[in-house]
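Enquirer: here is the input, now give the coordinates:
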Amino acid sequence: MNDSSPTRPAPVLDIWCELQCPDCRSALDDIRALRARYGDRLELRLRHFPLEKHKHAFAAAQAAEEAAEQGQGWPYVEAVLARVEELDRKGEPFLVKVAGELGLDAEEFDTALVDGRHILIVDADQAEGKAIGVTGTPTYVIGGERLDGGKSQEGLRERIEEIADRLLAEQG
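Expert: All right, here's what the predicted structure looks like:
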């Protein structure tokens, strides 16, 4: 018999992101602040929404999935977003280069981009995003509420914190 109460899953903040998006790079400070404030009490989940206007975004989403598989998802995402202009200019070779800089298996990255092993994950995220009304990035979804950061980042972190605090309080 187990007398301990089951642990409740942390509330989830879905972050619909595109790694070639300057607005997503601007959102990094908010994401870091949320991670610092909540730690494991709030699950930050990257969701892919590559936009057609950015020709390397789909490959970057696949690369982010490979980085996650190799245990460095968020560090990779942050490293790529910090250098959006370089991704614009150099494309897929840049994605592999960043993997190597982070100590990941760059050869496996290259293979993953060629064999398309992460395409289904990216396609599924994009389809789900479209189904819930995501039209641009970054877009956040928490507690059933969609917050569009593509128009303005102003006040979004505060709104996310209000919802997260409410969800955590409801958990007791």
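Enquirer: the strands in the protein, which residues?
Expert: Shown for the chain, the strands assigned by DSSP state E span residues 12-17, 43-48, 139-142, 145-148.
Enquirer: between those, which gets nearest to Ala127?
Expert: Proximity to Ala127 (Cβ to Cβ) singles out strand 43-48 among these, at 10.5 Å. Using the backbone N, CA and C atoms, a C-beta is placed for each residue, glycine as well.
Enquirer: now do the closest one against strand 12-17, angle only.
Expert: 30 degrees (axes from the mean of the first three to the mean of the last three Cα atoms, to 10 degrees).
Enquirer: for strand 43-48, the distance to its chain's centre please.
Expert: 4 Å (Cα atoms, centre = their mean, to the nearest Å).
Enquirer: partners of that strand in the sheet?
Expert: strand 12-17 (parallel) (DSSP bridges).
Enquirer: for Pro11, give me its contacts.
Expert: 41-43, 142-143, 164, 167-168, 171 (Cβ atoms under 8 Å, 6 or more residues apart in numbering).
Enquirer: and for Val96?
Expert: 63, 106, 109-110, 113.
Enquirer: any idea of the pLDDT on the residue sitting nearest the centre point of the chain?
Expert: Nearest residue to the geometric centre of the chain (Cα atoms, centre = their mean): Leu46, 2.6 Å. Listed pLDDT for Leu46 reads 95.
Enquirer: nothing else from me, thank you.
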